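Asker: quick one: sequence plus predicted model below, questions after.
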Amino acid sequence: MTFQTFLLKYGEIGIKGKNRHLFEDALVRQVRYALKDLDGEFEVHKSQARIYVDCEGAYDSDEVIERLQTVFGLVGICPVVRKPDQGFEQLKKDVVAFMDEMYPDKNITFKVEARRSRKSYPLNSMEINCKAGEAVLDAFPEIRVDVHKPDVLLHIEVRNEIYIYSQIIPGPGGMPVGTNGKAMLLLSGGIDSPVAGYMISKRGVGLEATYFHAPPYTSERAKQKVVDLAAIVARYAGPIKLNVVNFTDIQLYIYDQCPHDELTIIMRRYMMKIAQHFAEESGCLGLITGESIGQVASQTMQSLAATNEVCTMPVYRPLIGFDKQEIVEVSEKIGTYETSIQPFEDCCTIFVAKHPVTKPNINIIKKSEEKLAEKIDELVQTAIDTVEVIEVRRS
């Protein structure tokens, strides 16, 4: 069946009161962005608490649906058959034809749910329900009515034209990207951080990202893996500015000067400082990490407190209460898992201590960091000055 329109339903945007139009406009922009490079012509517009995509030319409806399912803010995607209003007798014929083509197996139950947005239409919603339902029953005696739990809920909307649909394909939910500011994601090649970026973006937060690269200990392929992950997250979050920081000299210096059981914590503290520098430059409102309490030594409550201590802006950890399997399930759903498990290690895994401290004392950590005083500021500045910036778009 050819669908001329997609009716898009949103969720919590509907309770935004006087500011609702701002969120609707942001959602329209996100839908346009998602569809802009597909074959076909798409007119995206809003009307009466709905977003519509009118389609012209040759296009792939499965591709359109797949793209729309990456737009945060949408809770329902309805492929619509749009017909001109040629009177109710023609509407009944259109409804019967729709049911015939959509449901070859007629051993189903159904219910009609009409919505008369154009009040000048001669029949009200209840009359449309009854008469259209009667037309379907007359045409297909094996179909039955079930007003409580129908197999098919047949929607008829009377606007300037007639909209007929029965599918509501789930959208991702959440809020349109960009309606809640911007944050800096500490992105690695692992499973967790891309999921964290996805989840914070789902709440309307735009993303930038910082990746810490350690050549020659980490390869160019390891860096490309992170770029690939950013491109997958960008399907949902929009374009991502990725800061690739050469962290080798800082890591080696920490490795030479500090106790090895504190290595991971001290490295993490300097990563947070550098990421915050780029976040402040870009007007971000916080940092995002993929940490989960107790998952590894650097993610105990004490370790997280020691990491937080160097930050003056908020650190958001959307996975903080997740176990590993829950994180894996989200990564599989959004398409990052297969890339994340590729065997190209990042700097966090290359320089990990054999027996890392799990309950670091902040005062002891600071005392150890005093051994870095001679060169660390210069090394950090060099890392900042030599950053490689990559503009990443959806893959």
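Answerer: Yes, it's here.
Asker: where does the chain dip in pLDDT?
Answerer: Within the chain, the segments meeting pLDDT under 70 span 346-353.
Asker: most centrally placed residue in it?
Answerer: Nearest to the mean C-alpha position of the chain, by C-alpha atoms, centre = their mean, lies Tyr236 at 3.8 Å.
Asker: what packs against the helix or strand where Glu391 lies?
Answerer: Using DSSP states H and E, Glu391 sits in strand 388-392. Contacts defined by 3 or more C-beta pairs under 8 Å, 6 or more residues apart in numbering; DSSP states H and E place strand 388-392 against helix 220-237, strand 240-246. (Glycine included, C-beta is placed from N, CA and C.)
Asker: so for Ala209, which of the ones you listed sits nearest?
Answerer: Nearest of the helices and strands packed on strand 388-392 to Ala209, taken as C-beta to C-beta: strand 240-246 at 4.8 Å.
Asker: check which residues of the closest one are buried.
Answerer: Buried positions in strand 240-246, judged by neighbour count with 16 or more other C-beta atoms under 10 Å: 240-246.
Asker: quick one: contacts of it?
Answerer: Outside of strand 240-246, the residues within contact range by C-beta atoms under 8 Å, 6 or more residues apart in numbering are 185, 187, 207-215, 223, 226-227, 230, 233-234, 274, 278, 282, 383-384, 386-392.
Asker: coming back round to it: may I see the buried residues of strand 240-246 organised as JSON lines, with distance to Ile341 added?
Answerer: What follows is the buried residues of strand 240-246, written out as JSON lines (distance: C-beta to C-beta, whole Å):
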{"residue": "Ile240", "distance to Ile341": "21"}
{"residue": "Lys241", "distance to Ile341": "26"}
{"residue": "Leu242", "distance to Ile341": "20"}
{"residue": "Asn243", "distance to Ile341": "24"}
{"residue": "Val244", "distance to Ile341": "21"}
{"residue": "Val245", "distance to Ile341": "24"}
{"residue": "Asn246", "distance to Ile341": "25"}
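Asker: how many neighbours does Ile13 have?
Answerer: Other residues lying near Ile13 total 25 when counted by other C-beta atoms under 10 Å.
Asker: who touches it in this structure?
Answerer: Ile13 neighbours (C-beta under 8 Å, 6+ apart): 20, 23-24, 27, 73, 175-176.
Asker: 6 Å instead?
Answerer: Contacts for Ile13 (C-beta atoms under 6 Å, 6 or more residues apart in numbering) come out as Phe23.
Asker: does it belong to a helix, a strand or coil?
Answerer: Here Ile13 is helix, with the state taken from DSSP: H, G, I helix; E, B strand; the rest coil.
Asker: how near is it to Lys333?
Answerer: Distance, Ile13 to Lys333, by C-beta to C-beta, to the nearest Å: 23 Å.
Asker: before we move on, what about Glu208?
Answerer: Relative to Lys333, Glu208 is positioned 23 Å away (C-beta to C-beta).
Asker: between the two, who's got more neighbours?
Answerer: Between Glu208 and Lys333, Glu208 has the larger neighbour count (other C-beta under 10 Å), namely 27 against 12.
Asker: the residue of the chain most remote from its centre is in what secondary structure piece?
Answerer: Most distant from the centre of the chain: Asp138, at 45.2 Å, with distances by C-alpha atoms, centre = their mean. Applying DSSP H and E as the criterion places Asp138 in helix 125-139.
Asker: helices or strands next to that helix in the packing?
Answerer: Contacting helix 125-139 under the criterion 3 or more C-beta pairs under 6 Å, 6 or more residues apart in numbering; DSSP states H and E are the following elements: helix 88-102, strand 109-116.
Asker: neighbouring contacts of whichever helix or strand comes after that helix?
Answerer: Per DSSP H and E, the first helix or strand lying C-terminal to helix 125-139 is strand 144-145. Residues outside strand 144-145 that contact it (C-beta under 6 Å, 6+ apart) are Thr109.
Asker: with only the CA atoms kept, save the following helix or strand past strand 144-145 in CSV.
Answerer: On the C-terminal side of strand 144-145, the nearest following helix or strand under DSSP H and E is strand 152-158. The C-alpha trace of strand 152-158 is given here as CSV (Å, rounded to 0.1, in the frame of the first residue of the first chain):
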residue,chain,number,x,y,z
VAL,A,152,-7.3,-3.4,14.3
LEU,A,153,-8.2,0.1,15.5
LEU,A,154,-9.2,1.9,12.3
HIS,A,155,-8.7,5.6,12.5
ILE,A,156,-10.5,8.1,10.3
GLU,A,157,-9.7,11.8,10.6
VAL,A,158,-11.8,14.4,8.8
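Asker: which residues touch the helix or strand that strand 152-158 is followed by?
Answerer: As assigned by DSSP H and E, the chain's next helix or strand after strand 152-158 is strand 161-165. Outside strand 161-165, the residues that touch it by C-beta under 6 Å, 6+ apart are 78, 80-85, 91, 98, 155-157.
Asker: switch to 7 Å and redo it
Answerer: 5, 7, 78-85, 91, 94-95, 98, 155-157 (C-beta atoms under 7 Å, 6 or more residues apart in numbering).
Asker: what of stretch 182-192?
Answerer: 193-194, 196-197, 200, 205-211, 222, 225-226, 229-230, 271, 275, 278-279, 283-290, 292, 316, 319, 327-328, 331, 337, 340, 344, 346, 348.
Asker: what about His21, how many neighbours?
Answerer: 11.
Asker: which other helices and strands contact whichever strand or helix holds it?
Answerer: Using DSSP H and E, the element containing His21 is helix 20-35. Packed against helix 20-35 by the contact rule (3 or more C-beta pairs under 7 Å, 6 or more residues apart in numbering; DSSP states H and E) you find strand 41-47, strand 50-56, helix 61-68.
Asker: and the angle for the second one with strand 152-158?
Answerer: It stands for strand 50-56. Strand 50-56 runs at 90 degrees relative to strand 152-158, counting by axes from the mean of the first three to the mean of the last three C-alpha atoms, to 10 degrees.
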